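*Asks:* Structure here, sequence nowhere to be found:
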């Protein structure tokens with residue numbers, strides 16, 4: 001997804017967004033804010049200790065139950081997936097730059113241009129099960145249309161083949177909240193005669209706006225896309 005104005009390391013910054021009136025003194029407010037260096041260390045531990053993979057397994061096990069319980073026409077029961085941090089991980093890049101993420105840094109464009117983001121193993125397993133069962137899968141990403149060829153190259157190189165389509169963020173909506181473009185994309189999918197039975201993403205903005213019977217939010221402590 002195109003990471004437009006984001007809050008870096010939500011884990012470290014969420015407490016600082018609380019109203020000062022919630023504290024009796026400036027010292028008390030300071031004590032409530034996590035140390036940024038410690039927060040980054042916690043994020044690294046979360047990803048590198050196996051905790052992240054365990055959380056993903058729990059989420060995709062839940063998603064697979066939804067597939068198994070569906071009894072309708074699978075050819076018109078669509079699945080929607082985000083790309084970044086949903087099926088491809090940017091963790092190798094983000095930890096290298098010490099989580100200094102913004103879509104406007106040239107380093108982010110360089111990372112996307114490489115088209116080398118590795119697949120999230122559990123996501124790929126789910127994807128193959130869904131397509132193997134006959135469900136059409138659409139990718140709805142916040143990446144700009146300029147990255148279409150690179151998105152397709154990266155997905156296919158990591159084993160995500162046979163999808164029904166990829167919808168990128170149109171230029172006319174790049175300055176709007178991500179949820180607006182994503183809900184519009186899902187609406188357009190349903191206008192083609194599909195019923196979206198499941199929408200999976202790593203951001204609340206991936207899921208907001210309706211046009212999906214079920215939603216699943218994946219863990220991502222590295223950034224927030226409003």
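*Replies:* On my side now, so go ahead. The shown structure was predicted, so the numbers you read here are calculated from the model rather than taken from an experiment. Residues are numbered from 1 along each chain as shown.
*Asks:* any idea how far stretch 129-143 is from the chain center?
*Replies:* 14 Å (CA atoms, centre = their mean, to the nearest Å).
*Asks:* mind listing what's buried in it?
*Replies:* 130, 131, 135, 136, 137, 138, 139, 140, 141, 142, 143 (16 or more other CB atoms under 10 Å). For the C-beta atoms, the positions are set from N, CA and C on the backbone; glycine is no exception.
*Asks:* distance of the residue nearest the centre of the chain from residue 106?
*Replies:* Centroid-nearest residue in the chain, with CA atoms, centre = their mean: residue 202, separated by 3.4 Å. From residue 202 over to residue 106 the distance is 24 Å, taken as CB to CB, to the nearest Å.
*Asks:* what are the phi and psi angles of residue 63?
*Replies:* The phi/psi pair for residue 63 (degrees, to the nearest 10) reads phi -60, psi -40.
*Asks:* Serialize the buried residues of stretch 129-143 to JSON lines and add fields for distance to residue 40 and secondary structure.
*Replies:* Supplementary listing: the buried residues of stretch 129-143 in JSON lines, determined by distance: CB to CB, whole Å; DSSP: H, G, I helix; E, B strand; the rest coil:
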{"residue": "130", "distance to residue 40": "34", "secondary structure": "helix"}
{"residue": "131", "distance to residue 40": "36", "secondary structure": "helix"}
{"residue": "135", "distance to residue 40": "38", "secondary structure": "coil"}
{"residue": "136", "distance to residue 40": "39", "secondary structure": "coil"}
{"residue": "137", "distance to residue 40": "34", "secondary structure": "strand"}
{"residue": "138", "distance to residue 40": "34", "secondary structure": "strand"}
{"residue": "139", "distance to residue 40": "29", "secondary structure": "strand"}
{"residue": "140", "distance to residue 40": "30", "secondary structure": "strand"}
{"residue": "141", "distance to residue 40": "26", "secondary structure": "strand"}
{"residue": "142", "distance to residue 40": "24", "secondary structure": "strand"}
{"residue": "143", "distance to residue 40": "25", "secondary structure": "strand"}
